[in-house]
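Chemist: the sequence and its predicted three-dimensional model are supplied below.
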Amino acid sequence: MSSLLDVIIPVFLIIGFGYCTVWIKLFSIDTIDGLMKFTQNFAIPVLLFNAISKVDLVNIFNLNLFFSFYIGATAGFIIGFFGSHYIFNRPLEDSVAIGFCCLFSNSVMLGLPITERAYGNNALQHNFAIVSIHAPFCYFLGITVMEMIKSTEKSVSRKSVIILKAMFSNALVIGIVLGFLVNIFGVNLAKSIQASVDMITGVALPAALFGMGGILYQYRPEGDAGPIIMICAVSLIIHPAIVWGFGHQINLTDAQMRSAVITAAMAPGINTYVFANMYGTAKRVASTGVLLSTALSIGTVWVWLSLLP
């Protein structure tokens, strides 16, 4: 038990430090916003670029791994969407945003550091495989469904432009795409450039976790309890349970199972609130869902880690 806590607690302590520094007004909200812009729009994209540019694409890209994880993610979206609309009587647009919360795991800011602390840096290759299509997949699904619901007047081509623009203007997606290009074409960065990339990579996750804590301070527990509880249950229990079940059925390796289940077991990412805010819908539910599920994940992640080989 103590070894599992040693894995989990440092990650959440950094989040807690960020939360407390805003609470005691050591740092302002504007300062934290600036830090998050740095991490979300620069440091983490550089980290993903660096990782994707170096991995063995042939060996880590495994259809069974993708199938297990993204079947679970898609099921989470479907449960969140239909549960919100038919059980909690939320409008369709709200239901898409709530479904997106159930879909979008915090695969980078939480999934990567917890996997690394639990199993070492070499265990991250399957995480990076999942992450490499995570943002494009989730944004494509969420934006496509939202745009289909929002307007019946826009042409298919117009909707396609909106979807593609939203996806490929995302800094995370740009970093991933550039990493793929460097990897596929065998580009070797100059030593000075690679050294700079490595330095930025080293600060990306700690800075992002600290900033995440500061951002969470801005969220206040409010909104309908039903959808919020559903977000927590789907994100922390149902999604990883589906991945666990499919992973065993199709014989994922231990390393693949660890990466897939841990990533699936993460709380919704802050991007879920960004998505809700972008469409001006279900913002209170999204923000509270992120806050509460992140707090609860301290316990649920411990359980999933104890179950993994």
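Modeler: Nice, thanks for sending it over.

Chemist: where are the low-confidence patches of this protein?
Modeler: 1-4, 151-157, 159, 166, 222-223 (pLDDT under 70).

Chemist: list the contacts of the residue nearest in space to the middle of it.
Modeler: Nearest residue to the geometric centre of the chain (Cα atoms, centre = their mean): residue 106, 2.6 Å. With contact taken as Cβ atoms under 8 Å, 6 or more residues apart in numbering, residue 106 is in contact with 266, 267, 268, 269, 270, 294. The way it works is simple: take the backbone N, C-alpha and C, and place the C-beta from them, glycine included.

Chemist: try 7 Å this time
Modeler: 266, 267, 268, 269 (Cβ atoms under 7 Å, 6 or more residues apart in numbering).

Chemist: wait, the second one sits on residue 291?
Modeler: No. In this structure, residue 267 sits apart from residue 291 without contact. The criterion is Cβ atoms under 7 Å, and the distance is 9.0 Å.

Chemist: neighbour count winner among those two?
Modeler: Under the neighbour definition other Cβ atoms under 10 Å, residue 267 and residue 291 were set side by side, and residue 267 has more, 29 against 23.

Chemist: excluding its backbone neighbours, what's nearest that one?
Modeler: residue 293 (3.9 Å; Cβ to Cβ, 6 or more residues apart in numbering).

Chemist: which strand or helix spans the one you found?
Modeler: Assigning secondary structure by DSSP states H and E places residue 293 in helix 283-307.

Chemist: pull the residues that contact that helix.
Modeler: Identification of contacts with helix 283-307 by Cβ under 7 Å, 6+ apart yields 4, 7-8, 12, 97-98, 101, 114, 118, 216, 219, 221-224, 227-228, 231-232, 235-237, 240, 261-262, 265-268, 270, 272-273, 276-277.

Chemist: list the buried ones in it?
Modeler: Buried positions in helix 283-307, judged by neighbour count with 16 or more other Cβ atoms under 10 Å: 283-294, 296-297, 300-302, 304-305.

Chemist: one step back: report the separation between the residue nearest to the centre of the chain and residue 171.
Modeler: Between residue 106 and residue 171 the distance is 16 Å, computed by Cβ to Cβ, to the nearest Å.

Chemist: next one: residue 182
Modeler: 16 Å.

Chemist: sorry, back to before: out of the contacts of residue 106, flag the one nearest to residue 178.
Modeler: residue 269 (21.0 Å; Cβ to Cβ).

Chemist: what is the burial count for that closest one?
Modeler: Neighbours of residue 269 under the rule other Cβ under 10 Å: 25.

Chemist: cool, residue 24 as well?
Modeler: 8.

Chemist: also residue 135?
Modeler: Look at residue 135: counted by other Cβ under 10 Å, it has 22 neighbours.

Chemist: once you drop chain neighbours, what's closest to it?
Modeler: residue 172 (4.7 Å).

Chemist: mind checking the SS state of that neighbour?
Modeler: helix (DSSP: H, G, I helix; E, B strand; the rest coil).

Chemist: again, but for residue 109
Modeler: Here residue 109 is recorded as coil under three-state DSSP.

Chemist: for it, what are its contacts?
Modeler: Counted by Cβ under 7 Å, 6+ apart, residue 109 has contacts 205, 208, 209, 212, 269.

Chemist: let's see that with 8 Å instead.
Modeler: Counted by Cβ under 8 Å, 6+ apart, residue 109 has contacts 44, 205, 208, 209, 212, 269, 270.

Chemist: looking at these, state which has the most neighbours.
Modeler: Busiest of those [other Cβ under 10 Å] is residue 208, holding 28 neighbours.
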